[in-house]
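> sharing a model prediction with you, sequence too.
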Amino acid sequence: MVLTNLPGVKAYKNDGNLAPEPTSRAPRVLIVGTSAKGDGDTFYVAPTTTQARSAFGNEGTLIQGMWEALKTGAQEIALYRIGSTAAELTGIGDALGVGGFIITTVEQDADAGGNYSMYYDDSESRLVVRRNSDNLVIFDNDETNPIEKFEVTVSGFRAVAGGVDIGSASTFVDLDAVDSSTYPGTEFTAGTDGLSLSRMELYEQLYVAYKHLLAEDFDVIVPMDIFLDDYNVVDQGHYIGAVVPVVPVGQSYPTAGAYRLGLDIDSLGKVYVEEYEGDFYFWWDFNGDGTADIYPSAGSAGATTKIDGTSLTTADFHEVNFAYQLARFLYDYSTDIVDATGVTAVLPPASNSLRDKSRWYGTAPTWTLNDSTGVETIESASDNGTGLLGNKFMVGMSTHRSGAFGGGFILTDSEFMDGTEQLDDNDVAVDLGKYISIVADTVFLRNNWYTAGYLGPYSASYGGFYIGLPPASAPTNKPVTGASIIYKYTLPKYDALTAAGFVTIRRKTGGGVVITDAPTATLPNSDWKRLSTVRIVKTIIDGCRLVLDPFIGNGTGGSKRASMENAVENQVLLPAKKDAILQDYKEFSVLQSPQQEVQGVVEVSLTLIPAFEIRQINITIALSKSG
């Protein structure tokens, strides 16, 4: 009970602000993608490319992204496999149909069920599992000599005696060979590789992966096979407009990669997400009526109900976008863990024809200036742009943020874009675009993943490229290696795409291929529009976290604050200024109000003047008749 009326100092012990903040010793690129084998949902720092390829194989996007990032300069790579699922055998010893043992493989693979075998003796309630490759027993629930090698998880229990024996000590049965016709009460569910994820399945996998990755350490993240302009039930600016997914049969998802309009459509619906007993469950609504077209089997979940049986409404379902999902995750990660950035891509033109390329980059919106406010907006649907130049996040749309100039990825009070927008200390909307770069080009890539070359987005290559640059050195005008331009367009189009915030690569006069410019995906007037600015500030933030971490857990007071101020200035700011990362910084203090002193909160408010990159050099020439 808090005594609110009595005078005195109130002490509140808030929890959750002291999450670990690991600092990377070397800049690290994290690739999130699919593979045909290897540990799923596990943060893997690749010791060598040979070991990484041995662990995950060459199929899927995971190793592809690794080679793309390495080709352009990344030195340290982490890999995170998504999409795979474990094999599971249930109902072992289930005499009454009320439970039984459950075996779940740690290995997440389509082959996992054939890689292990077991036997079950109901008279002793004994369950033994062995690895087939070498016949090593990896689990045994024998009370005298139990074995646990942590390659499978065994849960549940035998309700009563009388269940069906499975195999014997001399005759083990493969997990995937156990079925209810031979062993009543059992049910086997095969694992999956996850190489062919539909758009909605990929969104679900990334949603869960981002929760797990909040505990890991990286500097740049590249989720493979996601695009700003993926097909969506909401018109987000794609030249085709809104695209409704195919109506599923038996709760199945659309076929991955199916883009045939009018037939089988792999698109993003609106989502409702619920966490239940440690797992996340997803409902997908295709037509905005509040009734799910895809929904889970958990509790009382249904097309119109949540897990607890309460009714779903249209307000429960949220518009989604892969780029927004990534930017929102990076906001959380950079606020609490390590300051990080991410890269994503856009879908390529339908072909290299002039018509398809023209539809792809599209046309810019028509803006209307409000004379009283001086603000430009898109007034109506007829004023919207098309294609990339009409994408609502990058340039704006009449239905996005009331037609606001530049559109924007804006932080809300929820994890979705349709919540209440949040403001920073300057009463400016928190722009999540500062955390991501969006690469427009699909190019012909050459690297060790496939030496003959292949078509792919330049996103992983771009992340690997800029992580190796000094913070104050922008990718702008730097030469591109290992990639050839396929979809060429005119300089005015490069100019328009750059103005909209897209990263492009082009061939300069003289034959060299370079990165045209290095904007982030922020609003046009944002202080964080330049990637070099973001990376310079990252250096300062990471440095401050490193030098201030030793003060956590110690007492407060004037001398401690002075020591903190000295550490920030002498170990972070002055070296950054000496290295020309900063031009200068303004005078600062480490502040702590009396209430903050009780709470153990300290404020360090820095104003930095970064080393801005040179983007244009204007040459003015005049002629004279004589000297």
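Great, that's in hand.

> give the buried residues for the lowest-mean-pLDDT helix or strand in the chain.
Scoring the helices and strands of the chain by mean pLDDT, DSSP states H and E places helix 594-599 at the bottom, with a mean of 75. Within helix 594-599, the residues that qualify as buried are Q599, counting by 16 or more other Cβ atoms under 10 Å. The C-beta positions use only the backbone N, C-alpha and C, and glycine is treated the same way.

> next structured bit after it?
Using DSSP states H and E, the helix or strand that follows helix 594-599 in sequence is strand 603-604.

> and that next one, average pLDDT?
Strand 603-604 shows a mean pLDDT of 82.

> stretch 209-217 too?
Averaging pLDDT along stretch 209-217 yields 94.

> between the two ends of that stretch, what distance do you get?
Length of stretch 209-217, first residue to last, Cα to Cα, to the nearest Å: 14 Å.

> off-centre distance for that stretch?
Put simply, stretch 209-217 sits 9 Å off its chain's centre (Cα atoms, centre = their mean, to the nearest Å).

> that one: which residues count as buried?
By neighbour count on 16+ other Cβ under 10 Å, the buried set for stretch 209-217 is A209, Y210, L213, E216, D217.

> ok, the second one to D229 distance?
Plainly put, Y210 is 21 Å away from D229 if you go by Cβ to Cβ, to the nearest Å.

> how about low-confidence regions in this structure?
Scanning the chain for pLDDT under 70 picks out 1-25, 260-263, 511, 612-627.

> how about the secondary structure of the residue nearest the centre of it?
A centroid search over the chain (Cα atoms, centre = their mean) returns L326, at 4.1 Å, as the residue closest to the centre. Counting by DSSP: H, G, I helix; E, B strand; the rest coil, the backbone at L326 sits in helix.

> need the contact list for it.
When contacts are counted by Cβ atoms under 8 Å, 6 or more residues apart in numbering, L326 is found next to L206, I221, P223, I226, G342, T344, Y435, I436.

> what about 7 Å?
P223, G342, T344, I436 (Cβ atoms under 7 Å, 6 or more residues apart in numbering).

> that one: what's its closest spatial neighbour, skipping adjacent residues?
Of all residues not flanking L326 in the chain, G342 sits nearest, at 4.9 Å (Cβ to Cβ, 6 or more residues apart in numbering).

> so the one you found belongs to a strand, correct?
Yes: in this structure, G342 lies within a strand as judged by three-state DSSP.

> mind listing what's buried along stretch 322-342?
322-331, 333-334, 337-342.

> the residue nearest to L326 reaches K434, doesn't it?
No: judged on Cβ atoms under 7 Å, G342 makes no contact with K434 at a distance of 10.8 Å.

> V443: which of the contacts of L326 is nearest?
Using Cβ to Cβ, T344 comes nearest to V443 of those, at 15.3 Å.

> specify the beta-bridge partners of the closest one.
I438 (DSSP bridges).

> hang on, it packs against F322?
Yes: counting by Cβ under 7 Å, T344 touches F322, with 6.5 Å between them.

> common neighbours of these two, please.
Residues touching both T344 and F322 (Cβ under 7 Å, 6+ apart) are I226, F227.

> output the contacting helices and strands for the longest helix along the chain.
Assignment by DSSP state H gives helix 531-548 as the longest helix of the chain. Where contact means 3 or more Cβ pairs under 7 Å, 6 or more residues apart in numbering; DSSP states H and E, helix 531-548 is packed against helix 558-568, strand 608-610.

> buried sites along the last one?
Going back to what we said before, that points to strand 608-610. Per 16+ other Cβ under 10 Å, strand 608-610 contains these buried residues: L608, P610.

> that one pairs with which strands, parallel or anti?
In the sheet containing strand 608-610, its partner strands are strand 582-585 (antiparallel), by DSSP bridges.

> buried sites along the strand it pairs with?
L582, Y585.

> and what of stretch 39-59?
So stretch 39-59, judged by 16+ other Cβ under 10 Å, has buried residues D39, G40, D41, F43, Y44, A46, A52, R53, A55, F56.

> and it, how far out from the chain's middle?
19 Å.

> alpha carbons only: can I get that stretch in CSV?
Below are the C-alpha coordinates for stretch 39-59, written out as CSV (Å, rounded to 0.1, in the frame of the first residue of the first chain):
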residue,chain,number,x,y,z
ASP,A,39,19.9,-25.5,-35.8
GLY,A,40,16.7,-23.4,-36.0
ASP,A,41,15.9,-20.3,-33.9
THR,A,42,19.6,-20.3,-32.8
PHE,A,43,22.0,-17.4,-33.0
TYR,A,44,25.1,-18.8,-34.8
VAL,A,45,28.3,-16.8,-35.1
ALA,A,46,30.1,-18.3,-38.1
PRO,A,47,33.6,-19.2,-37.2
THR,A,48,34.5,-19.9,-40.8
THR,A,49,32.5,-20.1,-44.0
THR,A,50,33.3,-23.8,-44.3
GLN,A,51,31.9,-24.5,-40.9
ALA,A,52,28.8,-22.4,-41.6
ARG,A,53,28.1,-24.2,-44.9
SER,A,54,28.6,-27.6,-43.2
ALA,A,55,26.2,-26.6,-40.4
PHE,A,56,23.4,-25.2,-42.7
GLY,A,57,24.0,-26.5,-46.2
ASN,A,58,23.9,-24.5,-49.4
GLU,A,59,20.1,-24.5,-49.9
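
> what's the burial count for the nearest residue to D235 once chain neighbours are set aside?
Closest residue to D235 apart from its sequence neighbours, by Cβ to Cβ, 6+ apart: A242 at 4.3 Å. Counted with other Cβ atoms under 10 Å, residues neighbouring A242 total 12.

> just A315 next, same as before
9.

> ok, it to V598 distance?
For A315, the distance to V598 - Cβ to Cβ - is 40 Å.

> and if you look at I265?
57 Å.

> with E76 instead?
For E76 relative to V598 (Cβ to Cβ), the value is 42 Å.

> ok, now V537?
30 Å.

> go on, I147?
53 Å.

> again, but for I541
From I541 over to V598 (counting by Cβ to Cβ), the distance is 26 Å.

> how is this protein carved up into domains?
86-189, 274-315, 531-610 (automatic domain parsing).

> what's the end-to-end length of the first one?
Just to be clear, that refers to domain 86-189. Termini of domain 86-189 sit 8 Å apart (Cα to Cα).

> cool, and the second one?
Domain 274-315 has its terminal residues 14 Å apart, counting by Cα to Cα.

> next one: that domain to chain centre, how far?
That offset, for domain 274-315, works out to 23 Å (Cα atoms, centre = their mean).

> and for the first one?
Centroid separation between domain 86-189 and its chain, computed with Cα atoms, centre = their mean, is 36 Å.

> going forward, count from 7.
OK, 7 is where the count begins now, so the last one is domain 92-195.

> excluding chain neighbours, what is closest to L336?
Per Cβ to Cβ, 6+ apart, closest to L336 is Y441, 3.8 Å.

> so how far is F415 from that neighbour?
Counting by Cβ to Cβ, the gap from Y441 to F415 is 8 Å.

> shared neighbours, those two?
A333.

> render the CA-only coordinates of the least confident helix or strand of the chain in PDB, please.
Extracted in PDB, the C-alpha atoms of helix 600-605 (Å, rounded to 0.1, in the frame of the first residue of the first chain):
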ATOM      1  CA  PRO A 600      16.400  14.400  -6.500                       C
ATOM      2  CA  GLN A 601      13.700  12.000  -7.600                       C
ATOM      3  CA  GLN A 602      15.900  10.400 -10.200                       C
ATOM      4  CA  GLU A 603      18.700  10.000  -7.600                       C
ATOM      5  CA  VAL A 604      16.300   8.000  -5.400                       C
ATOM      6  CA  GLN A 605      15.300   6.000  -8.500                       C
END
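
> if we can go back for a sec, quick one: the longest helix of the chain to strand 347-351, angle?
For helix 537-554 against strand 347-351, the angle by axes from the mean of the first three to the mean of the last three Cα atoms, to 10 degrees is 150 degrees.
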